[in-house]
Structures are given as C-alpha cells and as structure tokens.
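In: next one to model:
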Amino acid sequence: MQPSDEMRTRHRVVLIGLLLLAVVAASPAAVTHASVPNRFFGVMADGPLLGPRVDAGAEARMMSGAGVGTIRLAVYWRDVQPSPFAPPDFTAYDRIVGVAADAGLSVLPVLVRAPAWAAGGDTREGAVPDSAAYAAYVTAAVQRYGPRGSFWAERGAGARKVPIRQWQVWNEPDIDKYWVGKPWAPTYVKLLRAARTAIKGADPGAQVVAAGLTNKSWEDLGKLYAAGGRTLFDAAAIHPFSRRVENVLKIVELARKEMRRRGDATKPLLLTEVSWSSGKGKSSFNYGWETSESGQAAKVREALTAIAADRRRLRIGGVWWYTWLSPELGDDESFSYSGLRRLSGGKPVNKPAYEAFKQTVRRLRSR
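Out: Numbering: from 1, shown residues only. This next block holds a predicted model:
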C-alpha cells in the first residue's frame, strides 16, 4: 500500500471527532521545570520511512540526534502470518527494529490487522480476530523482540540490544473502521484479556498498553473500564487531536479524571498520537486543524512544551508525534502533511517542524 493510501485509510474517519473536540474548553498547563526523561518524546514510524528507497538507519540516527527516544511501529499481523499453516515471520520488521536499536531507540509496537483466516474470512481492516489466534501471534512477537528474543540472539554479541518491553494491543477500536465488533468495548476487552495473558506469559515484566482511543477518548475510556478492562492494561493511551493546544491538554485532563474516578490515578497515560498537519492550501480532505509549515513548527514548540509541563501532574508517560516522514507533496489527505520531515524529489528533507522539535526537546531535556 502506498504511503498516502495508508494515511487515508488510517485517519479519514477521525474528522467527526476532531470537529467535536474543537468545542472542548481550554485548560491552562501547570508550569514545571523538571527535566524530561530521554524516552518521553517519540515519533510514529510509518509511510515512506518503511519503504525500500529510504535509508531507515540514517533516519533513525537523525531521530536520536533530534531527541527522539522511542518510535511507534504498526506491526501488521496479516503481513506477518498470511497463512495459518506457517508460523509468524517478522523478517519485514527486523530491519526497522534493528536500526532503531543501533540508534539507541526503543520501539512501541502496535499489533493490528488480523489476517482473514483468523477472522472468519473477514478481510476488513477492523476485522475482529479469534482471541486465541491473536494471543499466539502476540506470543510470537514477544519471543522475537522481547528480552530473550530470537532477534537479539541472531544479531550477535557485539550488536546493540534494546529489547521491546511495551506492547500496544490494537489501535482505535472505538472507530468502526478499525474495529467492527459491536459493542466495541466488550469485544475489545476479550481480545485485550487474551493478549495480556500472552504478553505476561512471555515476558512478565513487559508493559501492556491499551489501544489508543480518539475523538471523545475520555468517554471511551469509561466504556473500556465499564467492560472490565481495568486490570488488563498497565498504561492507557489516547490520541488527543484538536486544533488548539490548550484543548489537547483539556482532553488529557478529562482522560486522567476518568482514570482517577476508576481507581487508576497512578497508572500512566500515553499520548500515542499527537499531530498538526501542514497541509493548508495543499490538502483537500481536511479536518479544520491544517496550518502552514511554519505554523506546524509553532504547534510543535507549543504542544511539546505544554505536555512536558503537565507530564507529572497528569502522569503522562510519553508523547508520540504523528509522523516522522511524510510522502511527496501533492496528496489530498491532510495527514500526508503531518511529518517532521518529508520527501522531496525522492529524498527526505527537513521541514521547519523538525528543527522546532529538535530545539524544543533539547531545551526540555536539559532543564
């Protein structure tokens, strides 16, 4: 699938939620001066970054130099195990996990997209898989990349090892396109329960991350708790997209309030996707949050500073910018302009957002 198609199918249905979030009241951030942990800031690794024409190793080194501590990577089950008659084959993902480790970056995998054979023949992106089959896939992933993973053994004694200790179970099941089970929360909790057992069985010290929730994420967190999910995840996750930075923080406030109400005041909350598009005047499928490239850079500075200032009070465990590298100019989808870097003439180049990210993270981490 081409990068622009990936972004289109990934985000098109977020529009209604973004419009709803635009009316959420603002909340001022509490200013602190504590330094930020090295792995607090992350980016999404997808699109052209994973293509054969981009030097992923060079990009990973640039990430590390810009203050990125972790990458979030979608691992598509249907690609890893297209047939039930063969074990999962993670070869296609070894490259990105390896270059991330070489650059000192940790990886947060998102385990998504069931093959049709595991979902009763359903070929849709949000097809609900058999829980036992998904658990076997998850176990194989941990056995490949966890602390005793075969991938690290194959790399040899001299290679850098950064075992994966966080695993995100699915993505945005509160959106119909990405989870067709009805109602979404109880059907997702069934999968989450099987996944947790598998992850902890393969690596008892691993952290189970719940799926990122978007739109009115605080309400969907309540549904997740009501369905019995509280004991099944070690960290909650939301995608607080909104036009204004203060509303992003308000969404985080509301999510944390729901977690406190459910007895999870101390559990980490991860912002596994945060972004603004620089597609103003370029993209035609828009969400009302588009800006220029210079405007995007300003949002990077403002958002990262505000999130870092409130990270302790709201127990924010990390924030991932969507995305690191965008495709060439010309796509109609707004999210195709969300990268800190973009392709130009087939080669990655910096956008103003890249320098804003680098300078802001360096300042926040040096306090």
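In: make it CA atoms for all contacts and neighbour counts henceforth
Out: Noted.
In: can you spell out which helices and strands pack onto the helix or strand harbouring Ala135?
Out: Here Ala135 sits within helix 131-145, counting by DSSP states H and E. Packing partners of helix 131-145 (3 or more Cα pairs under 8 Å, 6 or more residues apart in numbering; DSSP states H and E): helix 150-155, helix 184-202.
In: for it, buried residues please.
Out: Within helix 131-145, the residues that qualify as buried are 131, 133-145, counting by 16 or more other Cα atoms under 10 Å.
In: which stretch among the helices and strands packed on helix 131-145 is buried most, on average?
Out: Highest mean neighbour count of the helices and strands packed on helix 131-145: helix 184-202, a mean of 20 (counted as mean count of other Cα atoms under 10 Å).
In: what sits up against that helix?
Out: 131-132, 134-136, 138-139, 142-143, 167, 169, 173-174, 181, 206, 208, 210, 223-224, 227-229, 232-233 (Cα atoms under 8 Å, 6 or more residues apart in numbering).
In: what about the most centrally placed residue in the chain, distance to Leu213?
Out: For the chain, the residue whose C-alpha lies nearest the mean C-alpha position (Cα atoms, centre = their mean) is Thr272; its distance is 4.0 Å. According to Cα to Cα, to the nearest Å, Thr272 and Leu213 sit 9 Å apart.
In: now the common contact residues for those two.
Out: Ala237, Ile238, His239.
In: could you pull out the helices for the chain?
Out: Here the chain has its helices, by DSSP state H, at 3-11, 15-21, 56-65, 77-80, 91-102, 131-145, 150-155, 184-202, 217-226, 245-261, 293-309, 352-365.
In: thinking again about what came up before, what pLDDT, on average, does the helix holding Ala135 get?
Out: Averaging pLDDT along helix 131-145 gives 98.
In: what's the angle from it to helix 91-102?
Out: In terms of direction (axes from the mean of the first three to the mean of the last three Cα atoms, to 10 degrees), helix 131-145 departs from helix 91-102 by 40 degrees.
In: what sits up against helix 131-145?
Out: Counting by Cα under 8 Å, 6+ apart, 77, 88, 90, 111, 114, 118, 149-152, 163-164, 190-191, 194-195, 197-199, 201-203 sit against helix 131-145.
In: again, but for stretch 152-167
Out: Residues contacting stretch 152-167 (Cα under 8 Å, 6+ apart): 101-102, 104-111, 142, 144-147, 149, 199, 205-209.
In: show the buried residues in these.
Out: For the contacts of stretch 152-167, buried by 16+ other Cα under 10 Å: 101-102, 104-111, 142, 144-147, 149, 199, 206-209.
In: dump the buried residues of helix 131-145 into CSV; add distance to Pro348 as well.
Out: Shown next, in CSV, are those (distance: Cα to Cα, whole Å):
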residue, distance to Pro348
Ser131, 40
Ala133, 38
Tyr134, 36
Ala135, 37
Ala136, 37
Tyr137, 34
Val138, 33
Thr139, 35
Ala140, 33
Ala141, 30
Val142, 32
Gln143, 33
Arg144, 30
Tyr145, 28
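In: closest to Ser366 among those residues?
Out: Tyr145 (31.1 Å; Cα to Cα).
In: tell me how far that closest one lies from Lys358.
Out: 28 Å.
In: now do Arg367
Out: 15 Å.
In: so which of these two has more stuff around it?
Out: More crowded of Arg367 and Lys358, by other Cα atoms under 10 Å: Lys358, with 20 against 10.
In: the more buried one against Ala66, yeah?
Out: Yes - at 4.4 Å, Lys358 and Ala66 qualify as touching, with contact defined as Cα atoms under 8 Å.
In: so how far is stretch 281-295 off the chain centroid?
Out: Mean-position distance between stretch 281-295 and its chain equals 21 Å (Cα atoms, centre = their mean, to the nearest Å).
In: please put the alpha-carbon coordinates of it into CSV.
Out: Extracted C-alpha coordinates of stretch 281-295, given in CSV (Å, rounded to 0.1, in the frame of the first residue of the first chain):
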residue,chain,number,x,y,z
GLY,A,281,-3.7,25.1,0.8
LYS,A,282,-2.4,21.7,-0.3
SER,A,283,-4.7,19.0,1.1
SER,A,284,-8.4,18.8,0.2
PHE,A,285,-9.6,16.2,2.7
ASN,A,286,-9.2,18.4,5.8
TYR,A,287,-10.1,18.3,9.5
GLY,A,288,-10.1,22.0,10.4
TRP,A,289,-6.6,21.9,12.0
GLU,A,290,-4.4,22.4,9.0
THR,A,291,-1.8,25.1,9.0
SER,A,292,1.4,26.1,7.1
GLU,A,293,4.8,24.6,7.6
SER,A,294,5.8,27.5,9.8
GLY,A,295,2.5,27.2,11.7
